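[1] Predicted model follows, preceded by the sequence.
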Amino acid sequence: MSGNRSLVPLASLSAERSDLLARLLDGLNPTELQWLSGYVAGLAAGGTSSREPAPVAHVVPSLAPLASPLTVVYGTQTGNSRALAERIKQRTEAAGLPVRIFRASDYPLKELKEERVLYVVISTQGDGDPPDDARAFFDFVRGKRAPQLPNLRFSVLGLGDSSYPKYCYISRIIDERFAELGGKRLFARGECDVDFEKPASAWVDEALEHVKRELEQQSGLAPVTPIRVAASSVSTRDHPFTAAVLANQRITGRNAQKDVRHVELSLEGSGLSYQPGDSLGVWPVNPQWLAESILKATSLDGSAPVARDGQSHPLQHWLTRELEITRLSRPFILAHAERSKDAAFKELVGNADKVQALLASHQVVDLVQQHPATWSAAELVSSLRRLTPRLYSIASSQKRTPDEVHLTVARVEYDSFGSRHVGTASDYLALQRPDEGSVRVFVEHNDRFHLPRDPLVDVIMVGPGTGVAPFRAFVQDRQESGAKGRNWLFFGDQQFRHTFLYQVEWQDALKKGALTRLDLAFSRDQERKIYVQHRMLEKGADLYAWLEGGAYVYVCGDSKRMAPDVEEALLQIAMQHGKKDRDGAQEWLDGLREQQRYLRDVY
């Protein structure tokens, strides 16, 4: 949608009606939007339409000037920031106060100087990077073009991972920059680790109280009539659906170094819907044997009851179903050092680089076995992070399998420090038996990674390894809908014979025209390692022509090496075939990103 308004697509509207609504709302100011909201609610309440009234009605009692609305801007890679931003919006609306919400990529930057009350909810990726959808917003805020903000009242909530040195770095920079530009903090910046729910909820509570006071003081008016929200039966992160396992098939060869699974789950009766590009959240369970190894190393009784956050469970239950035990955290390392009598270990945790190395190589069991310490059951439970769901790119189109969702899962399993190690969710899923197992799931929508609305637009997909999962969904969906746009897939892995994921399906798609081009890169089939970025460079002229013709390019997979290498390949292609210098190539790629034609789902 062009213009400066963010419109959430409505499932009950056709694509044509959604486009009409988008054009109608484009350019309206907050007061006009409030009036229109009340007008539409009045139509629904008056029964003038034969359609069912909307489940959410915002009733505006008059056309008197309202307070400047609260603006909520979020930047997210996995959806957590968006969920928290939407929670702020819902609670603000329920209090009868005006509010608008924007994904950072959709926020009209020219309006920043006019903002009066602004909340930013944003994550930090890896070691200090903004989410893909917030790059332009972040660069603008910290750049020379950012305006002075003397009338702004703001607060920032950051999400991050304390395993990385630049924990919540992006939120800290934005918070400090707003203050530098003259803005006034409504209250202190919040910072949330991977186990974010409790501190984030407290921040949201405080945010609501401050915005009530601020908006009411600005307008001198009572709040508008609160929204009436209908109860929803759709499963969510906090209330997941228990999905039966329909299939669990290894799709790598017997001699492959990787164990990759194709997993099919039933969504029958869930009410869940998804689009290609969305993710499935999976609530895993830790292995019993791993929990028992920790109990043995700490000499603790697994049957001992332990209370935390208003819940009481035996210690064994906490370790298997409630807490992270395959991922170390910086706070746990420090807490373990306090209780350890190992002088060398205590000295080690004073070195940031060595702590970082521990986080990258060790699990909880390694720490408690190698550096014994005295823990009580209650102390151990309070020091470990809460177990969090894992997100997997959905590998199916609901147009083809309406009551199913498919995943492509690489099982993590290796030996280290003399013992077996596994990835919590991948091992859990790999062990689920068809017709016997069940998995707690929810859908995490990712509207920054959906197919183009125009079925005539061409699509380029770069997905090595399990990064190919969403592109299986893309090709299925375009085939089922009869989209005429061309589809080009770059896939790579280690060996053609053993790790060509979904080989038969891609060959069938080529025969039927659902896949226009397929370029492959198998790194270990020859002496010189060949990766997807090399194939992209080889096909650079055609790839550049597709992009200049309006194609979208999607990248999914590893964020540390593959994604930067693919981005560099795109820059090289623009320089070679577009005759651009380095700055011009970067500007070209940034333009694709701003047009939402260069989209990434990397992890």
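    Sure, I can see it. Numbers count the residues shown, from 1 in each chain.
[2] So which bits of stretch 191-201 are buried?
    The neighbour-count check on stretch 191-201 (16 or more other C-beta atoms under 10 Å) flags E191, C192, D193, V194, D195, F196, A200 as buried. The C-beta positions use only the backbone N, C-alpha and C, and glycine is treated the same way.
[3] Let me know whether the last one touches C192 as I believe.
    Yes - checked against C-beta atoms under 8 Å, the pair A200 and C192 is within contact range at 5.0 Å.
[4] Now stretch 161-179: buried residues?
    Buried residues in stretch 161-179 (16+ other C-beta under 10 Å): 161-164, 166-175, 177-179.
[5] now, which of those lie within helices?
    Using DSSP state H, Y169, I170, S171, R172, I173, I174, D175, R177, F178, A179 are the members of these that sit in helices.
[6] Nearest to E404 among these?
    I170 (37.0 Å; C-beta to C-beta).
[7] average pLDDT for whichever strand in the chain runs longest?
    Counting residues, the longest strand found in the chain (DSSP state E) is strand 241-250. Averaged across strand 241-250, pLDDT comes to 97.
[8] check contacts around the nearest residue to K484 once chain neighbours are set aside.
    Leaving aside its chain neighbours, K484 sits nearest to L456 (5.4 Å; criterion: C-beta to C-beta, 6 or more residues apart in numbering). Neighbouring residues of L456 by C-beta atoms under 8 Å, 6 or more residues apart in numbering: A483, K484, G485.
[9] Domains in the chain, by residue range?
    15-229, 241-284+389-444, 288-383, 451-602 (automatic domain parsing).
[10] Just the element for the residue nearest to K484, please.
    Of the helices and strands defined by DSSP states H and E, none includes L456.
[11] Please determine how far it is located from P276.
    17 Å (C-beta to C-beta, to the nearest Å).
[12] Same question for S81.
    From S81 to P276 the distance is 22 Å (C-beta to C-beta).
[13] Check whether G492 sits in a helix, strand or coil.
    State at G492, reduced to three classes by DSSP: H, G, I helix; E, B strand; the rest coil: strand.
[14] quick one: it and K529 touch, right?
    No - taking contacts as C-beta under 8 Å, G492 lies outside contact range of K529: 10.1 Å.
[15] Looking at these two, which is more packed in?
    Between G492 and K529, counted using other C-beta atoms under 10 Å, G492 has the larger neighbour count: 25 against 12.
[16] beta partners for that one?
    A521 (DSSP bridges).
[17] Report the contact partners of it.
    P464, G465, L520, A521, F522, S523, I530, Y531, V532, R535.
[18] Contacts only, for the closest residue in space to A352 that isn't next to it in sequence.
    Leaving aside its sequence neighbours, A352 sits nearest to P165 (C-beta to C-beta, 6+ apart; 6.4 Å). Going by C-beta under 8 Å, 6+ apart, P165 touches D127, G128, A352, Q356.
[19] Just give me the closest of these to Q595.
    Out of the contacts of P165, the member with the shortest distance to Q595 (by C-beta to C-beta) is G128, at 25.9 Å.
[20] roughly how far apart are S270 and T401?
    Taking C-beta to C-beta, one finds S270 at 13 Å from T401.
[21] Which residue of these two possesses the greater neighbour count?
    Neighbours were counted for S270 and for T401 using other C-beta under 10 Å; S270 has more, 20 against 17.
[22] who does the nearest residue to the more buried one once chain neighbours are set aside bridge with?
    Using C-beta to C-beta, 6+ apart and skipping residues adjacent in sequence, the residue nearest S270 is F241, 4.2 Å away. Beta-bridge partners for F241, by DSSP bridges, are V441.
[23] contacting residues around F241?
    By C-beta under 8 Å, 6+ apart, F241 lies in contact with S235, L267, S270, L272, R440, V441, F442.
[24] Out of those residues, who's the most crowded?
    Taking other C-beta under 10 Å as the neighbour criterion, V441 ranks highest of those with 24 neighbours.
[25] now that one: how far from V245?
    In terms of C-beta to C-beta, V441 sits 11 Å off from V245.
[26] so what sits against both of the two?
    With C-beta under 8 Å, 6+ apart, V441 and V245 have common neighbours L265.
[27] Just name the shakiest helix or strand of this structure by mean pLDDT.
    Each helix and strand of the chain was given a mean pLDDT (mean pLDDT, DSSP states H and E); the minimum falls on strand 56-57 at a mean of 35.
[28] ok now stretch 250-263, how far from the chain's centre?
    Between the centre of stretch 250-263 and the centre of its chain there are 26 Å (C-alpha atoms, centre = their mean, to the nearest Å).
[29] does R261 count as helix, strand or coil?
    Classified using three-state DSSP, R261 is strand.
[30] Isn't it up against V412?
    No - R261 lies out of contact with V412 (C-beta under 8 Å); the separation is 11.5 Å.
[31] Please say which of the two ends up with more neighbours.
    Comparing R261 with V412 by other C-beta under 10 Å, the one with more neighbours is R261, at 21 against 16.
[32] Can you tell me the SS state at the residue nearest to the more buried one when sequence neighbours are not counted?
    Of all residues not flanking R261 in the chain, V409 sits nearest, at 4.6 Å (C-beta to C-beta, 6+ apart). For V409, the assignment made with three-state DSSP gives strand.
[33] likewise L319?
    helix.
[34] Report the contact partners of it.
    L319 neighbours (C-beta under 8 Å, 6+ apart): N286, A291, I294, L295, G302, I325.
[35] Spit out the contact partners of the residue nearest to the spatial centre of the chain.
    The chain has T78 as the residue nearest its centroid, 1.0 Å off, counting by C-alpha atoms, centre = their mean. T78 makes contacts with S123, S279, L391, E444, Y603, as judged by C-beta under 8 Å, 6+ apart.
[36] Then R330?
    S162, S163, Y167, V355, L359.
[37] Name the nearest of those relative to D583.
    Y167 (32.1 Å).
[38] Tell me the spacing between that closest one and H362.
    19 Å.
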